[in-house]
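Undergrad: Sharing a model that was predicted from the sequence below.
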Amino acid sequence: MGALRLVLGDQLSRNISSLNDLDRENDTVLMVEVAEEGRYVPHHKKKIAYILSAMRHHADALKADGIAVRYVCLDDPRNTQSFSGEVSRAIDEVRPDRLIVTEPGEWRVLEMMRDWEAELPLPVEIREDDRFVCSHAEFANWAEGRKQLRMEFFYREMRRKTGLLMEDGQPVGGAWNYDADNRKALPNDVALPQRLSFTPDETTSRVKELVQSRFGDHFGDLAPFSFAVTRHNALKALDHFVTDCLPWFGDYQDAMKQGEPFLFHGLIGAYLNSGLLDPIECCERAEAAWHEGDAPLNAVEGFIRQIIGWREYVRGIYWLKMPDYAETNALNAHRPLPDFYWTGETEMNCIRQCVEDTRRNAYAHHIQRLMVTGNFALLAGIAPAEIEEWYLSVYADAYDWVELPNTHGMVMFADGGLLASKPYAASGAYIDRMSDYCGSCSYDVKQKTGKNACPFNVLYWNFVAENREVLKSNQRMRMIYASLEKMNQERVKQIQVEARAFLDEVTAAS
Ligand code: FAD
Ligand code: DLZ
Ligand code: SF4
């Protein structure tokens, strides 16, 4: 008798803690495709196909390495379609002496695993996921006694810990952060790279058919499917990014362009979060490009900050604050999510473009998520849980530990400022400056009020006015509230009337 080692769909790394001391003679690795995981939120069809295909390729690689794998396919008639059901069935049939798992990326699944500890007839060992730079204990230690948990200070600790872009204990170039150089709009004459795409093999083609038959009603296009589904190809995608995109990544990180969803972004989130790529190897590749003079410091530092800064920081917040974190609603937001998040049917061109990109690719870059679909949800006072479910469903890189803090904290300010020092609220002028969306919109971004005015303009001042009591003491909002006070109050009232009428119309149409 050996151990049963469960590997989940976002644990596709050879160095995962659940496989550390694997005994090839006696142990069995368990991997299960279950409808429960495809449906607890209505995941994008391309996301499900990516995960199932990557799981099948990973299982094949383990088997080729002489490891016993019990792999349960979605259409296996004996499949109970849940993690708990498949773990119980495997225990009955394989008769292991213990169950070993790496902790999951979601509170919901961790609770499930804790039930297994109480209910299963064998010892259950839940191991820490050590594929991250910062452990739970280390993050809790860092957070202890701090009034504010600012990402920038956490990031400096991670730079010191990893030694990335450090020289004699100091940041290379003399500064920790070059973000001020990273906010350029995209000029028309900048050539964009042709992005690498991977033709589906037989396994992926079979999975695509299965997903169409089982999850055909879910949001999103299955074709074209161009994700890497093996570590080998994910490494090729990383190389392509470092060579063809990283040099310009910093400059145009915040830019948006109609019909160009990828620009110079990494497109590696799905690979990192499911385990095909390792965060430190991505940072080291970028750092090497800087050493070799192939990419400038603002780009390389910006990229490394996203990974050892933001990515580690949001994970730290999630595990430090869950489960209560998800329940907060500091701005008392309760509006239902408008249908156009699913249909794309709106006259607001920026939203339409971002939803269409999302439908096609199960991807939108950070500024599209934060400053278009996120900004609208914040300004419109959408219920946090509804917009969180949307983000968790529609992006191939979305797992609760990373999606929730980004949406709940960074976008919705629902945690009252634990994660972001002020709400990322913006009027149409920001979207106009950073994109070419407004040129093809039915609304006029320059108009502040009236039927033709960009909705983000009235919604912005309505948001500022409606949340005066909660936000006016925020130091970083002082100038905005000073401007609000100076505005003609009749005009403010008019803006609020228009904003509410617009929102009621949107809600009624949904
Ligand atoms: P790049 O722009 O090339 O960045 C490189 C990598 O840095 C990313 O792959 C990612 O691993 C990391 N990174 C960058 N920003 C963040 C961030 N804010 N938080 C965590 N990691 C970051 N990212 C996810 O991985 N999963 C999510 O579910 C997710 N949900 C989000 C929801 C909202 C509302 C917002 C505003 C952001 C969300 N992000 C999420 C962060 C970010 O948008 C994505 O990581 C990024 O767009 C992925 O594309 P990329 O690989 O091209 O990233
Ligand atoms: C997202 C997802 C989907 C759609 N399907 C599966 C699956 O069939 N089997 C599996 O092991 N994992 C799947 N996943 C990923 C899990 O939802 C993820 O592992 C948990 O949410 C914990 O992060
Ligand atoms: Fe979006 Fe307003 Fe610009 Fe239209 S005018 S694209 S709604 S920001």
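TA: Now that the structure is in, tell me what you want to look at. Ligands and ions are numbered 1, 2, ... in the order given.
Undergrad: Could you use CA atoms for every contact and neighbour count after this?
TA: OK.
Undergrad: hmm, stretch 318-334 touching ligand 2?
TA: No - counting by CA under 6 Å from any ligand atom, ligand 2 is not contacted by stretch 318-334; separation bottoms out at 12.5 Å.
Undergrad: Return the set of buried residues in that stretch.
TA: 318-320, 325-326, 328-329, 331, 333 (16 or more other CA atoms under 10 Å).
Undergrad: just stretch 423-439 next, same as before
TA: 423-428, 431-432, 434-438.
Undergrad: Return the residues of the stretch 151-300 of the chain in contact with ligand 1.
TA: Near ligand 1, when you scan the stretch 151-300 of the chain using CA under 6 Å from any ligand atom, you find 265-269.
Undergrad: Show me the helices in the stretch 401-510 of the chain, by range?
TA: Per DSSP state H, counting those that start in this stretch, the stretch 401-510 of the chain carries helices over the ranges 428-434, 455-466, 468-471, 478-486, 489-508.
Undergrad: Between the ones you listed, which one is closest to ligand 2.
TA: helix 489-508 (29.6 Å; CA to the nearest ligand atom).
Undergrad: Which residues outside that closest one are in contact with it?
TA: Helix 489-508 has contacts (CA atoms under 8 Å, 6 or more residues apart in numbering) with 335-338, 380, 449-450, 455, 458-459, 461-462, 465.
Undergrad: Any part of that helix near ligand 3?
TA: No - Helix 489-508 lies apart from ligand 3 when judged by CA under 6 Å from any ligand atom; the minimum separation is 12.3 Å.
Undergrad: Format the CA atom coordinates belonging to stretch 188-198 as PDB.
TA: In PDB, the C-alpha atoms belonging to stretch 188-198 read as follows (Å, rounded to 0.1, in the frame of the first residue of the first chain):
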ATOM      1  CA  ASN A 188       0.300  54.800 -34.300                       C
ATOM      2  CA  ASP A 189       3.600  54.000 -35.800                       C
ATOM      3  CA  VAL A 190       4.800  51.400 -33.200                       C
ATOM      4  CA  ALA A 191       4.900  47.900 -34.800                       C
ATOM      5  CA  LEU A 192       3.300  45.200 -32.700                       C
ATOM      6  CA  PRO A 193       4.800  41.700 -32.500                       C
ATOM      7  CA  GLN A 194       3.200  38.700 -34.100                       C
ATOM      8  CA  ARG A 195       2.200  36.600 -31.100                       C
ATOM      9  CA  LEU A 196       3.200  33.000 -30.900                       C
ATOM     10  CA  SER A 197       0.300  30.600 -31.200                       C
ATOM     11  CA  PHE A 198       0.200  26.800 -30.800                       C
END
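Undergrad: at contact distance from ligand 2, anything in stretch 28-40?
TA: Yes - using CA under 6 Å from any ligand atom, stretch 28-40 comes into contact with ligand 2 via 32-34, 37-38.
Undergrad: Same list (the helices of the stretch 401-510 of the chain) but as CSV, adding mean pLDDT and distance to R159.
TA: Shown next, in CSV, are the helices of the stretch 401-510 of the chain (pLDDT from 0 to 100; distance: least, CA to CA, whole Å):
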stretch, mean pLDDT, distance to R159
helix 428-434, 97, 30
helix 455-466, 98, 36
helix 468-471, 96, 33
helix 478-486, 96, 32
helix 489-508, 95, 44
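Undergrad: Pick the most deeply packed of the ones you listed.
TA: helix 455-466 (a mean of 22; mean count of other CA atoms under 10 Å).
Undergrad: on contacts alone, who are the packing partners of that helix?
TA: helix 374-380, helix 428-434, helix 478-486, helix 489-508 (3 or more CA pairs under 8 Å, 6 or more residues apart in numbering; DSSP states H and E).
Undergrad: Next, format the ones you listed as JSON lines and append distance to S274.
TA: Output for the helices and strands packed on helix 455-466, formatted as JSON lines (distance: least, CA to CA, whole Å):
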{"stretch": "helix 374-380", "distance to S274": "24"}
{"stretch": "helix 428-434", "distance to S274": "31"}
{"stretch": "helix 478-486", "distance to S274": "41"}
{"stretch": "helix 489-508", "distance to S274": "36"}
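Undergrad: Out of those helices, which gets nearest to E287?
TA: Nearest to E287 among these is helix 428-434; the distance by CA to CA comes to 27.5 Å.
Undergrad: gap between the closest one and the chain center?
TA: 23 Å (CA atoms, centre = their mean, to the nearest Å).
Undergrad: and that helix with ligand 3, contact?
TA: Yes - Helix 428-434 lies within reach of ligand 3 by CA under 6 Å from any ligand atom, at 428, 431-432.
Undergrad: Export the helices and strands packed on helix 455-466 to TSV and append columns for distance to ligand 1.
TA: Output for those, formatted as TSV (distance: least, CA to the nearest ligand atom, whole Å):
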stretch	distance to ligand 1
helix 374-380	6
helix 428-434	15
helix 478-486	22
helix 489-508	21
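Undergrad: Which among those helices is found nearest to V124?
TA: Set against V124 and scored by CA to CA, these come closest in helix 374-380, at 39.6 Å.
Undergrad: Briefly note if the next helix or strand after that closest one comes near ligand 2.
TA: Sequence-wise, the next helix or strand downstream of helix 374-380 (DSSP states H and E) is helix 384-394. No - counting by CA under 6 Å from any ligand atom, no contacts exist between helix 384-394 and ligand 2, the nearest distance being 8.8 Å.
Undergrad: buried stuff in helix 384-394?
TA: Neighbour-count burial for helix 384-394 [16+ other CA under 10 Å]: 384-385, 387-394.
Undergrad: and if you look at stretch 61-69?
TA: Buried, per 16+ other CA under 10 Å, within stretch 61-69: 67-69.
Undergrad: One more: stretch 18-37?
TA: Neighbour counts using 16+ other CA under 10 Å place 18-19, 22, 27-35, 37 of stretch 18-37 among the buried residues.
Undergrad: Name the surrounding residues that touch that stretch.
TA: 1-9, 52, 55, 59, 66-74, 79-83, 86, 90, 96, 100-102, 127.
Undergrad: Could you do stretch 436-454 as well?
TA: Residues from elsewhere that reach stretch 436-454, judged by CA under 8 Å, 6+ apart: 256-258, 347-350, 353, 428-429, 431-432, 455, 457-458, 495, 498.
Undergrad: one more time with 10 Å
TA: The list of residues contacting stretch 436-454 from outside it, by CA atoms under 10 Å, 6 or more residues apart in numbering, reads 185-186, 188, 255-259, 346-354, 427-432, 455-459, 461, 491, 494-495, 498-499, 502.
Undergrad: Nearest spatial neighbour of A425, chain-adjacent residues omitted?
TA: Excluding the flanking residues, the one nearest A425 by CA to CA, 6 or more residues apart in numbering is N375, at 5.8 Å.
Undergrad: how much space between the one you found and ligand 2?
TA: As judged by CA to the nearest ligand atom, to the nearest Å, N375 and ligand 2 stand 26 Å apart.
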